[in-house]
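Colleague: Okay, sequence plus prediction incoming.
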Amino acid sequence: YNKQGETSIASEQVDVQTRALLPSVSFFSTAEAMPRSAKLVWRPHTDSSVVAYYLERRTGGAKKWRKIAVIKGRLSAEYIDEGLEDNTRYEYRLKAITHNGILSQPSETTAVVTKAPPKPVKTINATQGKAGIIELSWPVKADPEIAYYQLHRATRSNGWYTLLADKLKSVSFIDKIGEPGQKYYYKVVAVSVDGLAGELKEAQTAMGTTLDAPKAPTHLVAMVENATVQLTWEAGDSRTISYVVTKETDKGFLSSETKQFKNIKKTLMIDSSLKPDETYTFSVVGVDKNGIASAPSNSVQVKLEDKK
């Protein structure tokens, strides 16, 4: 065009054809299933213009590819993709990058399924009513893929489970609690030789309890004559095999003294050590064959008046 808007005579026609995209690598594959990762291997590109590789990934079934890495160096031949989900299919493809930034055609797609975690432990047994302990067992078949077990415990079936014991090689455990009347819930997960742990939420729950304390003695009564007190009471529980009587002496001016009389076999005790103007408070607990003590009975108070 000139300033007046007039066109010139047309030039000769020139035909231009762009170069075809460089083919990708001739071989691209994945290694065997790995825990939470995938190893990708390929044959280095033979074109000397290649300076790097462009790696893409998609989850099995997805349509969109996503770039996950640029691997520098034409002679590079492997890459490990980490941080993957368990038991999930991933697809990969590779493109070569030339020194002027041109991408090749994509390689053939290769796929891998990451290793699955161990199956949940569906059978777990917990004892109820044993003194101070809860015994647990989870009968499972021997599996060379399982390295050990983890035992978790909670105070509610749907509560927060904390790790109680780790790296258990056997399929049993004794939870030494020590306190009577305790209730706990348990789950076990298997851990594979690759370090993959089963799903805790899918594991079976078992409830275990320790033996309750015996019921407290009742109807404690004190009869005083001279400097002697006779204490009688009723057994609160048939499990009780002995009694402990506690004697608290109020000496006045914020001073007190406590004494216990143990291994009393009858529901009666006589104490002839009372002194005038001192106040005594007595109570009784029952003890079973496991050494578990009950709550205290009712208390009784005794005071000798000075006869001067």
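Modeller: Yep, it's here. Only a predicted model underlies this, so the values are computations on that prediction, with no experimental measurement involved. Numbering: from 1, shown residues only.
Colleague: is it true that residue 218 touches residue 296?
Modeller: No. Between residue 218 and residue 296 there is no contact under Cβ atoms under 8 Å: 11.0 Å. Just so you know, the C-beta spots here come from the backbone N, C-alpha and C atoms, and that holds for glycine as well.
Colleague: Where does the closest residue in space to residue 200 that isn't next to it in sequence fall, secondary structure wise?
Modeller: The shortest distance from residue 200 to any non-neighbouring residue, by Cβ to Cβ, 6 or more residues apart in numbering, is to residue 189 (5.4 Å). If you go by DSSP states H and E, residue 189 is part of strand 183-192.
Colleague: just checking, next helix/strand downstream of that strand?
Modeller: Strand 183-192 is succeeded, C-terminally, by strand 206-210 (DSSP H and E).
Colleague: Any chance you could list what contacts that next one?
Modeller: 124-136, 157, 175, 177, 179-187 (Cβ atoms under 8 Å, 6 or more residues apart in numbering).
Colleague: If we use 10 Å, what do you get?
Modeller: Contacts of strand 206-210 with the rest of the structure, by Cβ atoms under 10 Å, 6 or more residues apart in numbering, involve 123-138, 153, 157, 175-188, 292.
Colleague: could you dump stretch 183-195 to CSV, C-alpha only?
Modeller: Taking Å, rounded to 0.1, in the frame of the first residue of the first chain, the C-alpha atoms of stretch 183-195 are listed here in CSV:
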residue,chain,number,x,y,z
LYS,A,183,-12.9,-49.8,80.6
TYR,A,184,-10.9,-49.3,77.3
TYR,A,185,-11.5,-49.8,73.6
TYR,A,186,-8.8,-51.2,71.4
LYS,A,187,-7.9,-51.4,67.7
VAL,A,188,-5.0,-53.1,65.9
VAL,A,189,-3.4,-52.2,62.6
ALA,A,190,-0.8,-54.2,60.6
VAL,A,191,2.3,-52.5,59.2
SER,A,192,3.9,-53.9,56.0
VAL,A,193,7.5,-54.5,55.3
ASP,A,194,7.3,-51.3,53.2
GLY,A,195,6.1,-49.3,56.2
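Colleague: Quick one: mean pLDDT over it.
Modeller: Averaging pLDDT along stretch 183-195 gives 97.
Colleague: do stretch 92-107 as well
Modeller: Confidence over stretch 92-107 (mean pLDDT, whole number) is 95.
Colleague: thinking again about what came up before, shared neighbours of residue 218 and residue 296, anything?
Modeller: When contacts are counted by Cβ under 10 Å, 6+ apart, the set common to residue 218 and residue 296 consists of 284, 286.
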